[in-house]
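Asker: 3D, please:
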Amino acid sequence: MKKLLTLCMLVLTSTFILVGCTQNNNETTNSNEIFEIPENSNGYKMNSNVRWGFIDKTGKVVIKPQFQGAVSSSEGIAIIVNNQKDGYINSNGAIIVKPQFDMCYNFKDDMGLVCNNGKYGYVNSKGSVIVDCSFEYGLDFSEDLGAIEENSKWGFIDKSGKVIIKPQFDKVISFSEGLGSIKKDEKWGFIDKSGKMTIKPQFDEVMSFSGGFAAIKKDGKWGFIDKTGKMVIKPQFEYANGFYDNLAYVGINDKYGFINNKGVFVIKPQFDYIPGQQYQNFSDGLACIRINDLYGYINKNGDIVINPQFKDETSFSNGIATVRLNDDGTNLQYTYIDTKGNHIINNTFKFGKPFSNGLALISSDNSGDFMYINEKGIVIWKVKSK
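Answerer: Numbers count the residues shown, from 1 in each chain. Sure thing, here's the model as predicted:
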């Protein structure tokens with residue numbers, strides 16, 4: 001679909017915002033993933049008519065450019081665009097869902113969220129339409145359940161499309177560790193997969209369970225509860241994130257540090273900011289921190305192992321982080337470092353995406369010379385000049 005192609009172009013041509021802190025930083029590389037490529041360098045320009053295909057992790061073209069648009073795969077299934085409609089293709093080149101939707105989203109938990117005429121439904125990895133586009137909205141599946149909105153209320157369906165928990169909540173957050181977050185009458189609580197209310201709505205805000213605990217906000221402060229609803233760490237923080245590896249970062253008095261699951265600070269609040277995705281504070285043993293507008297990295301002892309020197313926040317993935325060296329919007333410089341702060345690639349780039357499934361898309365100048373590199377910094381594919 002044209003808007004998906006435009007989205008891809010916008011990602012490549014606009015000022016790049018690192019997304020490392022919102023991706024799965026404990027990524028397990030899937031050898032079945034495929035990566036979108038254009039037939040020539042015009043593909044990275046707005047409003048081009050260039051066709052798109054896919055390469056594998058070695059740089060081999062496995063699906064020749066033939067689509068109006070393409071998005072790299074998730075769970076071995078990629079999005080394709082033809083005749084302004086979206087569909088899905090697998091890594092073997094078999095179209096499992098022909099282009100027929102206004103919008104397709106990346107597969108999660110073996111299900112793909114799709115949209116037609118502003119309504120949402122789901123398809124599975126075999127290409128079957130499990131739920132027609134009939135819901136007002138939908139969320140990605142998690143733990144075999146998908147959240148759906150109907151008549152301005154939220155509920156959950158299973159992978160057969162059966163409504164397991166009828167729409168009745170004002171808002172929901174997908175299931176995690178067997179419990180789903182729900183909002184009713186302006187308060188948040190938790191339900192189990194049968195829909196039973198396990199923790200009654202009583203909180204102003206919540207995060208999903210992680211490591212057996214959930215961060216909750218009450219009377220303007222954040223604390224933590226266990227799965228019985230017991231308050232195990234009383235609300236006292238200005239901000240709190242979920243537990244991961246028995247650590248959670250919290251904010252107090254405008255500084256950030258880490259606590260253990262007893263609520264004791266193991267890394268005292270001293271940082272201006274700790275970016276990071278929910279529940280994955282550390283990746284590859286390091287957490288990104290900010291001091292005086294510069295980003296660096298600490299270990300789980302709180303020691304600074306890579307001095308704050310970078311202009312953007314990002315987390316490590318498989319031992320590599322994408323970092324920005326300057327903040328000049330007209331002369332961006334990105335590079336890649338290892339967990340000791342060493343540059344794994346000597347060059348800097350005008351554009352550099354975080355590694356995903358073993359590859360990163362980069363460009364060294366503004367001429368559209370995009371290429372994929374592997375985790376050793378070797379170029380495995382380079383776009384053809386027009």
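Asker: tell me where the stretch 1-150 of the chain has strands.
Answerer: Taking DSSP state E, counting those that start in this stretch, the strands of the stretch 1-150 of the chain run over residues 35-38, 52-55, 61-67, 69-74, 77-82, 85-90, 95-101, 103-104, 111-116, 119-124, 129-135, 137-138, 146-150.
Asker: quick check: closest non-adjacent residue to D132.
Answerer: G121 (5.1 Å; Cβ to Cβ, 6 or more residues apart in numbering). Heads up, the C-betas are built off the backbone N, CA and C, glycines and all.
Asker: wait, which of the strands of the stretch 1-150 of the chain is closest to N342?
Answerer: Closest to N342 of the strands of the stretch 1-150 of the chain is strand 35-38 (Cβ to Cβ; 25.9 Å).
Asker: strands paired with that closest one, and their directions?
Answerer: Strand 35-38 sits in its sheet next to strand 52-55 (antiparallel), going by DSSP bridges.
Asker: for the partner strand, what does the pLDDT average out to?
Answerer: Regarding strand 52-55, the rounded mean pLDDT is 97.
Asker: name the residues that touch that strand?
Answerer: 5, 34-39, 43, 61-70, 72-73, 78, 80-81, 89, 91, 372, 380-381 (Cβ atoms under 8 Å, 6 or more residues apart in numbering).
Asker: just say helix, strand or coil for Y297.
Answerer: Each residue gets one of three states, and Y297 gets strand by DSSP: H, G, I helix; E, B strand; the rest coil.
Asker: check contacts around it.
Answerer: So Y297 contacts 286-289, 304-306, 316, 321, 339, 341 (Cβ under 8 Å, 6+ apart).
Asker: ChimeraX command to pick out the buried ones of those?
Answerer: To isolate the buried subset of these in ChimeraX, counting by 16 or more other Cβ atoms under 10 Å, use the following:
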select :286,287,288,289,306,316,321,339,341
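Asker: how far out from the middle of the chain is stretch 137-149?
Answerer: Remark: stretch 137-149 is offset 16 Å from the chain centroid, using Cα atoms, centre = their mean, to the nearest Å.
Asker: rewinding a little: TSV for the contacts of Y297, including pLDDT, secondary structure and distance to K227?
Answerer: Listed next are the contacts of Y297 as TSV, based on pLDDT from 0 to 100; DSSP: H, G, I helix; E, B strand; the rest coil; distance: Cβ to Cβ, whole Å:
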residue	pLDDT	secondary structure	distance to K227
L286	94	strand	29
A287	94	strand	26
C288	94	strand	29
I289	95	strand	30
I304	97	strand	35
V305	97	strand	34
I306	97	strand	36
F316	90	coil	30
A321	93	strand	33
T339	95	coil	33
G341	95	coil	39
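Asker: make TSV out of the strands of the stretch 1-150 of the chain and add distance to L332 and mean neighbour count.
Answerer: Formatted as TSV, the strands of the stretch 1-150 of the chain follow (distance: least, Cβ to Cβ, whole Å; neighbours: other Cβ atoms under 10 Å):
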stretch	distance to L332	mean neighbour count
strand 35-38	22	24
strand 52-55	25	22
strand 61-67	28	17
strand 69-74	22	22
strand 77-82	27	24
strand 85-90	30	23
strand 95-101	34	19
strand 103-104	30	22
strand 111-116	32	23
strand 119-124	36	21
strand 129-135	39	18
strand 137-138	35	20
strand 146-150	37	23
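Asker: would you turn these into JSON lines with distance to Y249?
Answerer: Formatted as JSON lines, the strands of the stretch 1-150 of the chain follow (distance: least, Cβ to Cβ, whole Å):
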{"stretch": "strand 35-38", "distance to Y249": "33"}
{"stretch": "strand 52-55", "distance to Y249": "38"}
{"stretch": "strand 61-67", "distance to Y249": "41"}
{"stretch": "strand 69-74", "distance to Y249": "27"}
{"stretch": "strand 77-82", "distance to Y249": "34"}
{"stretch": "strand 85-90", "distance to Y249": "37"}
{"stretch": "strand 95-101", "distance to Y249": "39"}
{"stretch": "strand 103-104", "distance to Y249": "34"}
{"stretch": "strand 111-116", "distance to Y249": "30"}
{"stretch": "strand 119-124", "distance to Y249": "34"}
{"stretch": "strand 129-135", "distance to Y249": "35"}
{"stretch": "strand 137-138", "distance to Y249": "30"}
{"stretch": "strand 146-150", "distance to Y249": "27"}
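Asker: ok, which of the ones you listed comes nearest I259?
Answerer: Closest approach to I259 among the strands of the stretch 1-150 of the chain is made by strand 146-150 (29.8 Å; Cβ to Cβ).
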